[in-house]
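> structural data only, the sequence is not supplied:
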């Protein structure tokens, strides 16, 4: 084992570097040792001193290593300069060019980042065993960066090039599959060189699988595959097996979505209404700081609001453990921003999943999923790694305080004044060719009707309009609504006549919003959590007539409603009564039922 560098040794190293008595190999070894000891700033000082006083034919290596250290220390300007100096000395040295792309990305210079990775794509040799890994990294980072920027077609093209070079890339495969779904490129699973549809299914993420499969066994398999390939399970348990028996039960909610996000939109009033005589509420947060009124409400609703975004998973888990949380409710599952490795430390005696992932998480350290008996029938329990925590009315909480803007006119929305307006404001990746074909048959059977969809991305719009033509429906009958701020989006839901739900991934928050605004939702229920969400809401609303079990019944019901204005008016009136007097939107009732379950768990665990 190498001996630690003492303060005296470090001073001697710097002196040797200054006196040109430290060769490059000695420099690299000493800097690596300092970095391994967690003393990267001292390693940077050593590199700076050596580079100021020494000249060799391999100085580009020292500049590159200095760039790595400065990047790790979040000195992005310093890292940019170091990598640039390395490239000046060795223009064919590809590694600093890749890292320079990461630096530009951190500096918000998107075009400059893309240019570095494109340079690697255009100059790295696929058959060179030293350059091929960097070529794959460059293509994959182009794909990630394009996807994060909403440039889905370019993202898909970059990942396609990567997978043609190397099919065995599970993380790349699941992004490639999801990008095809987001753009409504059907079939989503399509052979790509040696990459077969079966291999694509095997590496489909839990989130994407929800929209692509109605088989609960496949969803469980996808969740467990993620656990087996991506998580650290051999970590120590931090919490005791029993709750702490404080005078007040300590409930922690953790999320990266305490901002302008559907999860926060649903849960904010839950946090506000908890009984403070019986419960102490903690929020553990790593969300973006969007400064929205919704985020301010969430933060104000917590007794303790802890920002853990800068903490490692282990440090964050230890912080939760220090707070002696009795029940920790994770609002993420396996969605974007999830910190499953934090939960693996079991920072609380009881850990629950709620809302974030509308499926089983497959996480062995999650004990319960909040559900109702429509959402997760007892017959479906074998397909869940968690035990259902059944609430009596409805699994989904609602915010009765959500602001609603002025209701626009049809002219304001670009809609024909007298047509029957079907709508589906779900994200486009939830669309499937089977359901879309059903929608096209509905439009054919209801002359003059239109289908109003969310303008998710331009590639999906083009593909959907082209597919409509293939079904004999003019693309002009598909209208696309832009994304709006929540209060204006809610107001817009008062305009159409009938919401057509997606399958097998139903509307969740969107169905809640539609019903709140008096818009009837027609759904199809299957065997999975995601395919029963809207049905659970309609059951609680007392409208089982809007739940269908197959696409033919769904199609016929949509046509019948479009041909019966009296039935539509009756449904709208029923929803108005539900909003005022029904259990679906009775948030205080929901909170009391949830608290009863929390107290029961605390006593019997």
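Structure received. As the structure is a computational prediction, the values presented were derived from the model and not from experiment. Residues are numbered from 1 along each chain as shown.
> list of residues touching stretch 448-457?
With contact meaning Cβ atoms under 8 Å, 6 or more residues apart in numbering, stretch 448-457 is reached by 150, 152, 182-183, 413, 415-416, 418-429, 439, 442-443, 461, 464, 477-483, 496, 500, 562. To be clear about C-beta, it is placed using only N, CA and C from the backbone, and glycine gets the same treatment.
> what's the answer for stretch 45-64, then?
With Cβ under 8 Å, 6+ apart, stretch 45-64 has contacts from 10, 13-14, 17-20, 22, 24, 27-28, 30-31, 34, 65-66, 69, 82-83, 85-87, 89-90, 93, 95-96, 99.
> can you say which of those residues are buried?
Listed as buried from the contacts of stretch 45-64 are 10, 13-14, 17, 22, 27-28, 30-31, 34, 65-66, 69, 82-83, 85-87, 89-90, 95-96, 99; burial here means 16 or more other Cβ atoms under 10 Å.
> counting only helices, which of these make the cut?
10, 13-14, 17, 27-28, 30-31, 34, 65-66, 69, 82-83, 85-87, 89, 95-96, 99 (DSSP state H).
> and the pLDDT at the residue positioned nearest the centre of the chain?
Nearest residue to the geometric centre of the chain (Cα atoms, centre = their mean): residue 336, 2.4 Å. On the pLDDT scale, residue 336 is placed at 85.
> equivalent analysis for residue 496, please.
Note on residue 496: pLDDT of 98.
> quick one on the thing from earlier: ok, now which ones touch the residue nearest to the centre of the chain?
By Cβ under 8 Å, 6+ apart, the contact set of residue 336 is 207, 256.
> buried stuff in whichever helix or strand residue 558 is part of?
Residue 558 belongs to helix 551-562 when assigned by DSSP states H and E. Buried residues in helix 551-562, counted by 16+ other Cβ under 10 Å: 554-555, 557-559, 561-562.
> now stretch 485-494
Residues of stretch 485-494 classed as buried: 486, 488-493 (neighbour count, 16+ other Cβ under 10 Å).
> count of neighbours near residue 588?
10 (other Cβ atoms under 10 Å).
> assumed it was part of a helix.
Yes: per DSSP: H, G, I helix; E, B strand; the rest coil, residue 588 lies within a helix segment.
> for it, give me its contacts.
For residue 588, the contact set (Cβ under 8 Å, 6+ apart) comprises residue 273.
> state the distance from it to residue 577.
Plainly put, residue 588 is 18 Å away from residue 577 if you go by Cβ to Cβ, to the nearest Å.
> likewise for residue 419?
Taking Cβ to Cβ, one finds residue 419 at 28 Å from residue 577.
> so the two - more neighbours on which side?
Shown here are residue 419 and residue 577; by other Cβ under 10 Å, residue 419 has more neighbours (18 against 11).
> tell me which helix or strand that one sits in.
Applying DSSP H and E, one finds residue 419 in no helix or strand.
> what do you get for residue 145?
Assigned by DSSP H and E, residue 145 belongs to helix 132-148.
> which strands and helices lie in contact with that helix?
Judged by 3 or more Cβ pairs under 8 Å, 6 or more residues apart in numbering; DSSP states H and E, helix 132-148 is in contact with helix 94-106, helix 110-123, helix 152-165, helix 170-182.
> which residues are contacting it?
Residues from elsewhere that reach helix 132-148, judged by Cβ under 8 Å, 6+ apart: 94-95, 98, 101-102, 105, 110, 113-114, 116-118, 120-121, 124-126, 152, 154-156, 158-159, 161-162, 165-166, 169, 172, 175-176, 179.
> so how far is stretch 95-109 from its chain's centroid?
In terms of Cα atoms, centre = their mean, to the nearest Å, the centre of stretch 95-109 is found 24 Å from the chain centre.
> average pLDDT across it?
In this model, stretch 95-109 has a mean pLDDT of 96.
> that older thread, any quick ChimeraX command for the buried ones out of the contacts of stretch 448-457?
The ChimeraX selection below is limited to those of the contacts of stretch 448-457 classed as buried (16+ other Cβ under 10 Å):
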select :152,182,183,415,419,420,421,422,423,424,425,426,427,428,429,439,442,443,461,464,477,478,479,480,481,496,500,562
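> so how many other residues sit close to the nearest residue to residue 194 once chain neighbours are set aside?
Take residue 194 and drop its neighbours on the chain: the residue closest to it by Cβ to Cβ, 6 or more residues apart in numbering is residue 167, 4.5 Å away. Around residue 167 there are 16 other residues, counting by other Cβ under 10 Å.
> and residue 167, helix, strand or coil?
Put simply, residue 167 is coil when judged by three-state DSSP.
> mind listing what's buried along the helix holding residue 145?
Within helix 132-148, the residues that count as buried by 16+ other Cβ under 10 Å are 134-147.
> okay, those in CSV with pLDDT and distance to residue 307 next?
Converted to CSV, the buried residues of helix 132-148 look like this (pLDDT from 0 to 100; distance: Cβ to Cβ, whole Å):
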residue, pLDDT, distance to residue 307
134, 96, 36
135, 97, 38
136, 98, 35
137, 97, 31
138, 98, 34
139, 98, 35
140, 98, 30
141, 97, 28
142, 98, 32
143, 97, 30
144, 96, 25
145, 96, 26
146, 97, 30
147, 96, 27
